[in-house]
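Chemist: Fold the stuff below for me.
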Amino acid sequence: MPRPKPFKYLLATLAILAAQNAGSAFAQNGELSALTPAQSDGLDRSAACRNFDPIARYGNELVFQIRRNDAPVGQHIVRFNRGKDGLQVVAQSNIDISFLGFNAYSFRYRSESIWQDGQLSTLSVEVDDDGDQTSISARRENDQLVVDGPDGQKSLPPGIFPTDHWHCGVLQTDQVLNTLTGNPNAITISQTGGERLAVGNGMINATHFTYDGELQTNAWYDADGRWVGLRFKARDGSEITYRCTSCQTDNAQKDHRG
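Modeler: Sure thing, here's the model as predicted:
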């Protein structure tokens, strides 16, 4: 028998408090000091992001641990495969917050896209936000990207980037396709400097970029244009961080060319 919604909301509130307490414990151990200003080689957006080949830069998989107020709550995985129709990219996110053995909140996200000549050709997104389900699809048609989402159909420029972050070409744009809503977001992206960024097995040099406008977030890229970190505020005000667990530290990073 399904639990009544009020009970689930109570569990969600308790889980939020538990996660916040866990975050405080991490802070006491120095985990929240992972981001500190540092000199970086910097990212030349124009050079590093031209003809960007994700398989050469990442290999076939890019993995992040999702943290809420610095406590681990899930995982984000991006997989790349080159096929006869173009570059296939599958991104999946899973978030689960439990309290006293009960699932207080869950989030599932899956997107599958095909890229041809560096542009998005087709996109399919399925979102399950704690039981609220959303579907989004897009296809390139007559030199436009036709998007079907919860708010209806829209025609967008064919070169628009979705909010998947793995392609650093997005850093040179002023509009993105929000893959959670199906709507375009007008943005301004500013480079805020070099930092030392925590990854799964150490620290790396990265360049910090800030999104302002209809979408507000923070993203980090290394000098070769690889996406290596993400941070934003959730609806409840908590801080969500994507910590790369497949990234190599410092100068160990190399292209994955055969």
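
Chemist: now the helix or strand where residue 56 lies: how far from the chain's centre is it?
Modeler: According to DSSP states H and E, residue 56 maps onto helix 54-58. Chain-centre distance of helix 54-58: 17 Å, with CA atoms, centre = their mean, to the nearest Å.

Chemist: Stretch 234-252 now?
Modeler: Distance of stretch 234-252 from its chain centroid, counting by CA atoms, centre = their mean, is 9 Å.

Chemist: still on that earlier bit, show me what the helix holding residue 56 is packed against.
Modeler: Here helix 54-58 touches strand 71-83, strand 86-99, going by 3 or more CB pairs under 8 Å, 6 or more residues apart in numbering; DSSP states H and E. Quick note: C-beta positions are derived from backbone N, CA and C, even for glycine.

Chemist: partners of the shortest one, with directions?
Modeler: In its sheet, strand 71-83 lies beside strand 61-68 (antiparallel), strand 86-99 (antiparallel), with partners assigned from DSSP bridges.

Chemist: Go through the ones you listed and pick out the most buried.
Modeler: strand 61-68 (a mean of 20; mean count of other CB atoms under 10 Å).

Chemist: could I have that one exported to CSV, CA atoms only?
Modeler: Coordinates of each C-alpha in strand 61-68 appear next as CSV, following Å, rounded to 0.1, in the frame of the first residue of the first chain:
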residue,chain,number,x,y,z
GLU,A,61,32.6,7.3,-19.9
LEU,A,62,32.5,10.3,-17.6
VAL,A,63,31.4,9.7,-14.0
PHE,A,64,30.4,12.1,-11.2
GLN,A,65,29.4,11.6,-7.6
ILE,A,66,26.4,13.8,-6.7
ARG,A,67,26.7,15.4,-3.3
ARG,A,68,24.1,17.4,-1.4
